[in-house]
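Visitor: Dropping the sequence and predicted coords here.
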Amino acid sequence: MDRSTIGKLLWRPADPRSSRTFEFLRAVENEHHVTLTDYEALRTWSIQNPNAFWEQVWHFTGIRASRAFERALDEDEPMFPRPDFFKNARLNFAENLLYPAAEPNEDSIAVFEANEEARTSVTWRQLRERVNRCAAAMQLAGAKVGDRAAGFVANHSNALVAMLATTAIGAIWTAISPDTGVRAVLDRIEQIDPIILFADHAVMYNGKVHDLQDKVKQIITHLPRLRAAVMFETRQVGGLDAEELLQSTQILHRYSQFVAAVSEGNRLEFAQLPADHPVYILYSSGTTGNPKCIVHGAIGTLVEHKKEHDIQCSMRAGDRLFYFTTCTWMMWHWLVSALATGVTLVLYDGSPFRPLDADGNGELAMPKLIAELGITHFGTSAKYLSLLEQKDVKVKEAVDMSKLRAIYSTGSPLAPSTFEYVYRRFGRDINLGSISGGTDIISCFGIASQISPVYGGEIQVRGLGMAIEAWDYQGKELSETGEPGDLVCVFRNQTSYNRFWDGRNHLSAIITCVRNLSRSFLACSSTHKDTAQGRSAWQTARADTERTIRILIAILYATKNHLRAEWGADIIPGTAINPHTGNPTIVPEYSDLLPPGLKGFDDHGVGLPLELTFFVEQYIKRQFDNGVFHGPQASQMQVQLNTITDAFGRMETIRLTSIPVALLIHQKQVLALFGCVLPFALVDEMGWWAVFIVSLVMFTLYGIDGIGNQLEDPFGFDRNDIKMDAIAEDIREEIFALLDEWRRVGESGSEMFIVKGPGAQLQMRRSGLGVR
């Protein structure tokens with residue numbers, strides 16, 4: 001890797017003031033009377049004022065709705081359960097895509113569809129008519145609001161029509177690419193029980209036709225509730241006869257037959273639904289069992305995509321967007337939403353290296369398509385650009401790239417050298433955006449900007465409205481340090497109490513480490529029973545592991561007891577480790593003036609939690625010396641143990657750093673003075689009403705003061721404090737269930753360590769820290 005490119009300035013917008021991003025910035029300044037000097041100032045404002053920001057996005061991008069919203073969101077509501085977004089608004093997702101605010105000419109091109117052999121186009125008028133007929137046919141087949149329609153389809157206009165028709169009537173769309181195996185398809189769509197299936201009968205890739213009819217037949221047989229299966233004969237391929245398949249089941253029809261029953265002059269009425277009505281079902285990767293369904297609502301998808309297309313990427317009506325994708329990938333959904341901005345879509349089905357040129361090479365296939373169709377915005381994977389870089393394909397020397405304004409890369413990080421390659425071989429005037437998002441949000445965290453520079457090897461900007469940070473494993477922000485961390489999107493508001501949430505986060509860090517260490521200790525020790533020393537040594541080693549697991553649980557109880565000054569309390573039932581019998585120190589002269597939790601301290605000197613971590617550290621060293629833990633494993637365990645001690649110290653600091661007495665006295669003096677003076681200021685004008693008003697104001701102010709005092713120590717026994725007893729007990733039950741299973745496996749001699757039976761509770765137990 002050429003590290004000289006990292007952080008190197010590669011592009012600046014030639015005319016940022018002409019961009020939609022700058023127009024939006026000015027609109028915010030005028031509407032909200034703020035001064036925003038650059039993109040980062042705009043983003044900061046957007047995350048500090050989420051309600052105002054999202055309302056501004058709605059109006060600026062022209063969301064079409066039959067009923068207006070009350071407000072974008074209530075900033076004081078907790079994020080779980082998820083608050084209403086654009087409450088009480090009613091709209092239709094497909095209507096916003098088919099009738100964008102930009103109002104393109106009906107006879108202008110809405111969609112280009114291309115494959116390895118041909119290109120065709122669809123006008124806005126034709127697209128609307130096709131959606132109209134398909135939606136009506138779906139309703140005749142019995143589809144209604146909330147039903148699911150599935151697509152086993154490639155990336156072509158028929159797939160787009162089926163999706164728009166589905167969402168137009170209030171049904172929910174899901175799609176899977178035809179290159180997916182039958183079992184993988186069924187693992188996904190069997191969960192959602194679709195009533196209509198759209199499927200291709202064949203696809204072409206890399207010059208070869210793939211017959212899908214056998215796959216389609218198997219899929220239909222496993223979906224007993226299907227009312228209709230519709231076959232797209234998108235590929236007119238000789239030698240593929242669909243008659244046998246069509247006759248094998250009564251519910252399967254050609255698409256032409258499916259829409260034939262729709263009467264002429266039928267007019268589509270878009271279902272007007274709550275703003276968050278579901279429109280898409282996407283799926284997780286399936287690496288931990290069957291893929292999980294991820295449901296996306298209309299307004300979240302629509303307003304986020306319009307923000308990204310219109311404001312972030314500065315797309316305008318008539319621009320042409322081509323993203324190389326399949327219908328399964330979230331980027332297909334991102335691509336087709338550009339219709340809502342009036343953008344012309346390019347849907348491509350096939351290999352990115354077809355057709356071949358006269359020399360049998362296909363590296364210029366996509367650049368030639370870009371030039372041929374006048375594409376302004378091109379999206380692809382980092383892998384594709386890397387392959388071109390490896391062959392040093394001289395794109396701009398071979399084809400005309402003058403209309404291309406932006407290239408977007410995703411799927412994996414774009415190498416710094418590839419940044420340099422794109423600017424060298426595609427053109428210096430291109431906005432290269434290495435974007436980052438995901439299926440779970442169906443949008444982008446990191447995105448492009450038309451008013452910001454591009455630096456080699458870097459994501460250009462964090463998305464507007466996205467409070468993106470980098471955190472370490474302790475929940476500490478690393479954004480300004482330059483250190484690597486996990487990407488986190490947070491939600492902050494002005495009613496949060498940092499002492500409570502910091503205490504909660506530190507306790508969560510201890511719990512996570514206790515869980516991780518327990519799991520690792522048990523998993524590693526369960527596979528080392530055949531030692532040279534024989535069964536006796538093996539039993540001794542297992543007893544050592546079990547003792548250490550109990551010590552780990554004891555750390556959590558000891559932390560709770562220490563923070564609450566529960567001196568001399570039993571650490572945990574069934575655990576032989578109890579605290580030292582130190583004498584609590586109480587100073588009679590001032591003890592009655594202190595909060596109950598501060599009336600004593602452990603006379604032993606060091607806290608018991610710290611002592612217990614010493615025993616765990618010794619265990620890790622023993623297992624490393626015996627060859628049970630390898631070096632990196634033992635090192636990672638040590639890091640987690642350090643996290644426990646660090647979190648304990650931080651929680652101790654929160655408990656011991658009380659509000660200064662002088663501040664408390666001053667606070668009450670100010671309140672008393674205010675209560676004495678305020679009536680005289682009001683009595684002349686308001687008479688006896690002044691008593692009521694003063695009482696109300698004083699009640700509110702003293703209430704705020706009381707809340708502050710309650711939150712000062714979040715580890716106490718008040719019902720609003722952290723539920724430390726319940727949390728500790730939950731963890732004890734979880735890990736004891738693991739221990740029971742671990743013992744069973746050891747006694748049976750099995751090599752499989754699977755939590756089942758009594759341990760099934762692990763999947764759905766609740767505590768004050770949420771569902772685990």
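Guide: Everything's here; your move. Numbering: from 1, shown residues only.
Visitor: Every contact and neighbour count from this point should use C-alpha atoms.
Guide: OK.
Visitor: What ranges does the stretch 101-250 of the chain have for its strands?
Guide: For the stretch 101-250 of the chain, the strands defined by DSSP state E, counting those that start in this stretch cover 109-115, 119-123, 148-152, 172-176, 196-200, 202-205, 208-211, 228-232.
Visitor: right, and the ones you listed - which one's nearest residue 328?
Guide: Relative to residue 328, the nearest member of these by C-alpha to C-alpha is strand 172-176, separated by 4.7 Å.
Visitor: what helices or strands is that closest one leaning on?
Guide: With contacts taken as 3 or more C-alpha pairs under 8 Å, 6 or more residues apart in numbering; DSSP states H and E, strand 172-176 sits against strand 148-152, helix 157-168, strand 278-283.
Visitor: Pull the residues that contact that strand.
Guide: With contact meaning C-alpha atoms under 8 Å, 6 or more residues apart in numbering, strand 172-176 is reached by 146-153, 163, 166-167, 185, 278-282, 327-328.
Visitor: List only buried entries from those residues.
Guide: Listed as buried from the contacts of strand 172-176 are 146-153, 163, 166-167, 185, 278-282, 327-328; burial here means 16 or more other C-alpha atoms under 10 Å.
Visitor: where are the low-confidence patches of the protein?
Guide: Low-confidence segments of the chain (pLDDT under 70): 1-4, 80-81, 235-245, 247-248, 491-504, 526-534, 564-608, 654-694, 696-721, 747-772.
Visitor: now the lengthiest helix in the chain, how far from the centre of its chain.
Guide: With secondary structure taken from DSSP state H, the chain has its longest helix at helix 535-564. Offset of helix 535-564 from its chain centre (C-alpha atoms, centre = their mean, to the nearest Å): 36 Å.
Visitor: Can you list the buried residues in it?
Guide: Neighbour-count burial for helix 535-564 [16+ other C-alpha under 10 Å]: 538, 541-542, 545-564.
Visitor: Can you read off the backbone torsions of residue 224?
Guide: Note on residue 224: backbone dihedrals following degrees, to the nearest 10 are phi -70, psi -20.
Visitor: hang on, I meant residue 343
Guide: phi -80, psi 140.
Visitor: how near is it to residue 736?
Guide: 58 Å (C-alpha to C-alpha, to the nearest Å).
Visitor: How about the contacts made by residue 210?
Guide: By C-alpha under 8 Å, 6+ apart, residue 210 lies in contact with 202, 203, 204.
Visitor: What are the structural domain limits within the chain?
Guide: 498-658, 661-712 (automatic domain parsing).
Visitor: Let me have the strands of the stretch 101-250 of the chain in JSON lines, extended by distance to residue 409.
Guide: Shown next, in JSON lines, are the strands of the stretch 101-250 of the chain (distance: least, C-alpha to C-alpha, whole Å):
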{"stretch": "strand 109-115", "distance to residue 409": "21"}
{"stretch": "strand 119-123", "distance to residue 409": "24"}
{"stretch": "strand 148-152", "distance to residue 409": "26"}
{"stretch": "strand 172-176", "distance to residue 409": "22"}
{"stretch": "strand 196-200", "distance to residue 409": "28"}
{"stretch": "strand 202-205", "distance to residue 409": "22"}
{"stretch": "strand 208-211", "distance to residue 409": "27"}
{"stretch": "strand 228-232", "distance to residue 409": "31"}
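Visitor: how many neighbours does residue 736 have?
Guide: 18 (other C-alpha atoms under 10 Å).
Visitor: Check the secondary structure at it for me.
Guide: With DSSP: H, G, I helix; E, B strand; the rest coil as the basis, residue 736 sits in helix.
Visitor: Now for residue 437, how many residues are close by?
Guide: Residue 437, neighbours per other C-alpha under 10 Å, totals 17.
Visitor: and the residue nearest to it when sequence neighbours are not counted, what is it in contact with?
Guide: Distances taken as C-alpha to C-alpha, 6 or more residues apart in numbering put residue 444 closest to residue 437, at 3.8 Å, once the chain neighbours are dropped. Applying C-alpha under 8 Å, 6+ apart to residue 444 gives the contacts 308, 435, 436, 437, 438, 463.
Visitor: Which of those residues are buried, as a ChimeraX select command?
Guide: In ChimeraX, this line selects whichever of the contacts of residue 444 come out buried by 16+ other C-alpha under 10 Å:
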select :308,435,436,437,463
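Visitor: The contacts of residue 444 in strands, which ones?
Guide: Here DSSP state E is the test, and the contacts of residue 444 give 436, 437, 438 as lying in strands.
Visitor: Is the first one bridged to anything, and to what?
Guide: Looking back up the chat, that one is residue 436. As for beta bridges, residue 436 partners with residue 446 under DSSP bridges.
Visitor: in the stretch 401-550 of the chain, which spans are strands?
Guide: Applying DSSP E, counting those that start in this stretch to the stretch 401-550 of the chain gives strands spanning 406-410, 431-434, 436-438, 443-447, 454-455, 461-462, 467-471, 486-490.
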